[in-house]
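Chemist: the following comprises the amino acid sequence and a computationally predicted model.
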Amino acid sequence: LAIFKLGFLGRFFANSIRFFVGDLFIYAGIVGILASIGVLFRGRIHSIPKKWIGVATCLLIGIFLWVEVAVFSNHVQEGGQLFKEMMARYAIDFKANAIEQNLGSGMIGALFYTITYFLVSQWGTYLTIFVLFMIAIFVAFEIHLRDVFEVLRNWTAQVKHQLEENKVEKASQVRETKPEVIEAKPKEVKEKKASLIDKMKNFVFDEEEEEDEFEEIYPEVTPPPVTKPVVEEEFVQPKREEPTSFNPFVEPTEVEEDTEDLEDFVINGGTDDSDYQLPPLTLLNPIPPSDQSDEKMIVEKNLKILERTFESFGVEAKVMPNPLVGPAVTKFEIKPAIGVKVSKIVNLSDDIALALAAKDIRIEAPIPGKPYVGIEVPNSKTSFVAFSDVIQAALQSPKPLDVPLGRDISGNVRLCDISKMPHLLIAGSTGSGKSVCINGIITSILMKTKPHEVKLMMIDPKMVELNGYNGIPHLLTPVVTNPRKAAQALKKVVTEMEKRYEMFAAMGMKNIDGYNAHVASYNAETGEDNPLLPYIVVIVDELADLMMVASNEVEDAIIRLAQMARAAGIHMILATQRPSVDVITGIIKANVPSRIAFAVSSGTDSRTIIDSSGAEKLLGRGDMLYIPMGENKPIRVQGAYLTDEEVERIVEFVKTQQEVEYDETMMLPETPEGSSDDPEDDLFYEVLEMIRELETISTSYIQRRFKIGFNRAARLIEELEARGYVGPSEGSKPRKVNV
């Protein structure tokens, strides 16, 4: 009767049992029936082994505690009396002869919970439940602790051994990729370079001796044939104390000749662009400001709905007047009463969205610097932010790399200084506004700076997004579209960074600003026109494609630039539409502190980009979360809208001002590596003989067979593919042999 709650007696017996075991009365009744049937058929109760009595006791206590904690944990933590609450609920059901109140595990569970909460608090209760279940499992299956410790010790040793192997393999790969760096600076070159710097400090310059000494030293030092390191040493000769007593760039009697060589040794501004004019604002489409009067009426209505919603759920909170109406969302500020947990408001997100009939809402708990909880509700109509509207604020900024992103919820223009970031990661799904953001950043640089101030390196594996910028005078090289050449381009930027640091070290400067200031003051004193070092911005439009083709080389170059390139004036903007951990690795995230997240499909992708959820609730079409370096919480920004026609007009205007002059030291070879007649690797013919007997071949097989590193084996595979001996890559499958 009690199990099925049949009639008055059934409910009465059920409530009688519920007083002791709560909502577990059904299971208690089933156990009682089974025990009665056993006694009825066997005539007596058989003795039960002590082991199973102990197992049953641990399980029962654990279950009673578990059920009681699940029902009454919030009540107990808020200071309520457990037995008093239990009796009040039981009295309601007993008087009405009903079974409606949730009693947990009854008085028995309340007794256990009260004891454990008094002795070891809430977390200790959770631990007690876990320990009871583990004891029951260990006793039931006769598991010894020493066996568990032995398994853990073996597993730890195996993991440690695997990590050591990975570390050794990583080190061998690094050594394999950079043999040139070790050979590029022999001991005698360092000694001769030091003697030159000492000679520079004495302000004694003899043209013939300098040229002979440079010609003797530097043909061995410089790997690329296009660079002219002779002038590099001449450039690092300035001394800060008495700049008027010597010329650190050229010999006074041979100014024109040496200045002509100076342009080749390092990336500089190129030709004279004193007549260069920046693009005017008239090239942009003027968009009138949107009328949001209707939106404000809806906001007043939503404000009252929010107040009623909090009252209906028993949450004491005040909705502050004058919410912030932004281009895409409206931000309501909620002030919870003293004693109201922020989690209560956060847990009502779905109910608030239902009450406001909103697609989705985002709760910011709390708002940084304010005692409020922010609720961001999408507007009924999104207002576009015109690029022509926000670029004016960037043009008024004296910083050359200060570019606009859009407007925040308060309606203020949000600028970001690329030189302070120092690197930026942009990620978001297709159609979320990522490409428009990149075009806005590039267009801002073109409208603010001249070619001698900022140089651009663009890498676009998709071959459609950045190709329109080919021919602008700010480019170091044509837009790189081959993923394998992209890795080489990044390595050349790393080489440029190392050159700049050598110059800074020789002149006693810490960064590009100090170096350029020193050169400018020297030019003012002597009346010369020595070029300043420009900023370099490297823009990668699809990082995921590069990581698929040449992950090791690309990641190594990106990490080196991210760690060291800030002081050298080199900054990166990395964009990807696949925010997975194999693309945005932990090392890249650690060295790229500034991030922009556009709309993504899941909270996991959001956490991959900005280390917190929230991007999955964005609206798309330029809606972004922006985290500059040093900020703990993201800033919601509606990105500026820029059409393709506006970009084309800006690019055409820039092209008419000055012809592009690509830097020869940064140009990539037209023919792929390994396409020459003679193979570069000595093992090439041995590998070729070996694969004649095989049907498929892989990089790892060559590694094991010839005991070489991964990079060398990969280069051999690429050379075999270039010559047609093996087929193209098919993902993780081995390559097909064609001989």
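Modeler: Arrived safely. All of these numbers come straight from a predicted model, not from anything done at the bench.

Chemist: contacts only, for residue 629.
Modeler: 420-422, 593-594 (C-beta atoms under 8 Å, 6 or more residues apart in numbering). In short, each C-beta sits where N, CA and C put it, glycine included.

Chemist: what packs against the longest helix that the chain contains?
Modeler: Taking DSSP state H as the criterion, the chain has its longest helix at helix 106-140. Contact partners of helix 106-140 among helices and strands, from 3 or more C-beta pairs under 8 Å, 6 or more residues apart in numbering; DSSP states H and E: helix 7-21, helix 50-77, helix 82-96.

Chemist: what comes up buried for stretch 425-433?
Modeler: 425-429, 432-433 (16 or more other C-beta atoms under 10 Å).

Chemist: list the contacts of that stretch.
Modeler: 434, 437-438, 573-577, 579, 584, 588-589, 592, 594-601, 605, 608-609, 615, 618, 620-624, 639.

Chemist: mean confidence score for stretch 105-114?
Modeler: Summarised as a single mean, pLDDT over stretch 105-114 is 83.

Chemist: give me the subset of the buried residues of stretch 425-433 lying in helices.
Modeler: Going by DSSP H, the helices hold none of these.

Chemist: got the residues you listed as TSV, with pLDDT columns?
Modeler: Listed next are the buried residues of stretch 425-433 as TSV, based on pLDDT from 0 to 100:
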residue	pLDDT
425	92
426	92
427	91
428	89
429	87
432	85
433	86
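
Chemist: once you drop chain neighbours, what's closest to residue 536?
Modeler: Among residues not flanking residue 536 along the chain, residue 570 sits closest, at 4.5 Å (C-beta to C-beta, 6 or more residues apart in numbering).

Chemist: enumerate every residue touching the one you found.
Modeler: Contacts for residue 570 were tallied using C-beta under 8 Å, 6+ apart; they are 493, 496-497, 500, 535-538, 561.

Chemist: same check, this time on residue 434
Modeler: 426-428, 575, 577, 598.

Chemist: so which strand or helix has the residue most central in space within the chain?
Modeler: Geometric centre of the chain, nearest residue: residue 609, 3.9 Å, by C-alpha atoms, centre = their mean. Using DSSP states H and E, residue 609 falls within helix 603-610.

Chemist: again, but for residue 153
Modeler: helix 145-177.

Chemist: not counting sequence-adjacent ones, nearest residue to residue 70?
Modeler: In space, residue 70 is closest to residue 104, 7.4 Å off (C-beta to C-beta, 6+ apart).

Chemist: distance of residue 434 relative to residue 597?
Modeler: Going from residue 434 to residue 597 by C-beta to C-beta, to the nearest Å gives 10 Å.

Chemist: got it, and residue 706?
Modeler: Residue 706 is 45 Å from residue 597, by C-beta to C-beta.

Chemist: out of these two, which sits in the more crowded spot?
Modeler: Per other C-beta atoms under 10 Å, whichever of residue 706 and residue 597 has more neighbours is residue 597, with 30 against 14.

Chemist: confidence score at the more buried one?
Modeler: At residue 597, the model reports a pLDDT of 92.

Chemist: swap in residue 200?
Modeler: Residue 200 is given a pLDDT of 36.

Chemist: make 794 the first number, not 1, from now on.
Modeler: Yes, from this point I'll number from 794; that puts the last item at residue 993.

Chemist: out of the contacts of residue 1227, which sit inside strands?
Modeler: 1219-1220, 1368 (DSSP state E).

Chemist: all strands of the stretch 994-1143 of the chain, in order?
Modeler: Per DSSP state E, counting those that start in this stretch, the stretch 994-1143 of the chain carries strands over the ranges 1110-1112, 1117-1118, 1122-1129.

Chemist: which SS class is residue 1507?
Modeler: At residue 1507 the chain is in helix, as set by DSSP: H, G, I helix; E, B strand; the rest coil.

Chemist: what comes up buried for stretch 1105-1118?
Modeler: In terms of neighbour count (16+ other C-beta under 10 Å), stretch 1105-1118 has its buried residues at 1108, 1110, 1112, 1116-1118.

Chemist: what's the end-to-end length of it?
Modeler: Terminal residues of stretch 1105-1118 lie 26 Å apart, using C-alpha to C-alpha, to the nearest Å.

Chemist: avg pLDDT for that stretch?
Modeler: Stretch 1105-1118 shows a mean pLDDT of 87.

Chemist: next one: stretch 1455-1463
Modeler: The average of the pLDDT scores along stretch 1455-1463 is 69.

Chemist: do I have it right that residue 1384 meets residue 1355?
Modeler: Yes - between residue 1384 and residue 1355 there is a contact under C-beta atoms under 8 Å: 3.4 Å.

Chemist: ok, those two, which is more surrounded?
Modeler: Neighbour count, other C-beta under 10 Å: between residue 1384 and residue 1355, residue 1355 has more, with 23 against 19.

Chemist: list phi and psi for that one.
Modeler: Backbone torsions of residue 1355, given as degrees, to the nearest 10, read phi -60, psi -30.

Chemist: dump the residue contacts of residue 1188.
Modeler: Counting by C-beta under 8 Å, 6+ apart, residue 1188 makes contact with 1240-1241.

Chemist: gap between it and residue 1120?
Modeler: In terms of C-beta to C-beta, residue 1188 sits 21 Å off from residue 1120.

Chemist: repeat that for residue 1484.
Modeler: According to C-beta to C-beta, residue 1484 and residue 1120 sit 60 Å apart.

Chemist: swap in residue 924?
Modeler: Distance from residue 924 to residue 1120, by C-beta to C-beta: 55 Å.

Chemist: for the two, indicate the residue with more neighbours.
Modeler: A direct count of neighbours by other C-beta under 10 Å for residue 924 and residue 1120 places residue 1120 higher, at 21 against 12.

Chemist: that one: what's it in contact with?
Modeler: Counted by C-beta under 8 Å, 6+ apart, residue 1120 has contacts 1083, 1172, 1175-1178, 1199-1200, 1204, 1431.

Chemist: equivalent analysis for residue 932, please.
Modeler: Contacts of residue 932 by C-beta under 8 Å, 6+ apart are 844, 847-848, 851.

Chemist: same thing with residue 883?
Modeler: 808, 811-812, 894, 896.

Chemist: what subset of the residues you listed is buried?
Modeler: Burial by neighbour count, judged by 16+ other C-beta under 10 Å, picks out 808, 811-812, 894, 896 from the contacts of residue 883.
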